[in-house]
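Chemist: Attaching a predicted model along with its sequence, questions to come.
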Amino acid sequence: MPRGQRKSIEEKITAKEELISALLARVESEKKELEALYDEKKLKDLDLVSEMIEEAGLSPDEAVEALQQYLGNRAMVTAS
């Protein structure tokens with residue numbers, strides 16, 4: 001059975017270059033989608049923290065101070 005016309009080496013090179021170009025475009029697109037998902041997660045996390053601060057009746061400055069104290073205490077315990 002005849003297999004059909006074989007591709008020349010130049011045609012094979014061109015096909016691989018086109019494939020690689022398409023794959024790189026796809027990778028860039030996927031990276032952008034991933035970054036958007038990270039941004040969405042960050043906003044959800046910040047919204048949760050904001051709700052907790054509000055429910056606790058703290059101002060943003062008070063929340064920052066409480067976190068700083070917690071981190072300071074934690075660092076001292078870890079260093080011990």
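Modeler: Thanks, I have the structure now.
Chemist: pLDDT (mean, whole number) over stretch 26-37?
Modeler: In this model, stretch 26-37 has an average pLDDT of 98.
Chemist: Go through it and flag the buried ones.
Modeler: Buried residues in stretch 26-37, counting neighbours by 16 or more other C-beta atoms under 10 Å, are absent. Using the backbone N, CA and C atoms, a C-beta is placed for each residue, glycine as well.
Chemist: chain center to it: distance?
Modeler: 8 Å (C-alpha atoms, centre = their mean, to the nearest Å).
Chemist: for this protein, which spans come out with low pLDDT?
Modeler: Residues of the chain that meet the criterion pLDDT under 70 lie in 1-4.
Chemist: who's in contact with stretch 24-44?
Modeler: For stretch 24-44, there are no surrounding residues in contact (C-beta atoms under 8 Å, 6 or more residues apart in numbering).
Chemist: then it to PDB, C-alphas only?
Modeler: Taking C-alpha atoms only, stretch 24-44 is exported to PDB below (Å, rounded to 0.1, in the frame of the first residue of the first chain):
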ATOM      1  CA  LEU A  24       4.200  28.400  23.700                       C
ATOM      2  CA  ALA A  25       1.100  30.500  23.000                       C
ATOM      3  CA  ARG A  26      -0.900  27.900  24.900                       C
ATOM      4  CA  VAL A  27       1.600  28.000  27.900                       C
ATOM      5  CA  GLU A  28       1.400  31.800  28.000                       C
ATOM      6  CA  SER A  29      -2.400  31.600  28.000                       C
ATOM      7  CA  GLU A  30      -2.400  29.000  30.800                       C
ATOM      8  CA  LYS A  31       0.000  31.100  32.800                       C
ATOM      9  CA  LYS A  32      -2.400  34.100  32.500                       C
ATOM     10  CA  GLU A  33      -5.300  32.000  33.600                       C
ATOM     11  CA  LEU A  34      -3.300  30.600  36.600                       C
ATOM     12  CA  GLU A  35      -2.300  34.200  37.600                       C
ATOM     13  CA  ALA A  36      -6.000  35.200  37.500                       C
ATOM     14  CA  LEU A  37      -6.900  32.200  39.700                       C
ATOM     15  CA  TYR A  38      -4.200  33.200  42.200                       C
ATOM     16  CA  ASP A  39      -5.500  36.800  42.200                       C
ATOM     17  CA  GLU A  40      -9.100  35.500  42.800                       C
ATOM     18  CA  LYS A  41      -7.900  33.300  45.700                       C
ATOM     19  CA  LYS A  42      -6.000  36.300  47.200                       C
ATOM     20  CA  LEU A  43      -9.100  38.400  47.100                       C
ATOM     21  CA  LYS A  44     -11.200  35.700  48.700                       C
END
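Chemist: If anything else comes up later, I'll come back, but that's it for now.
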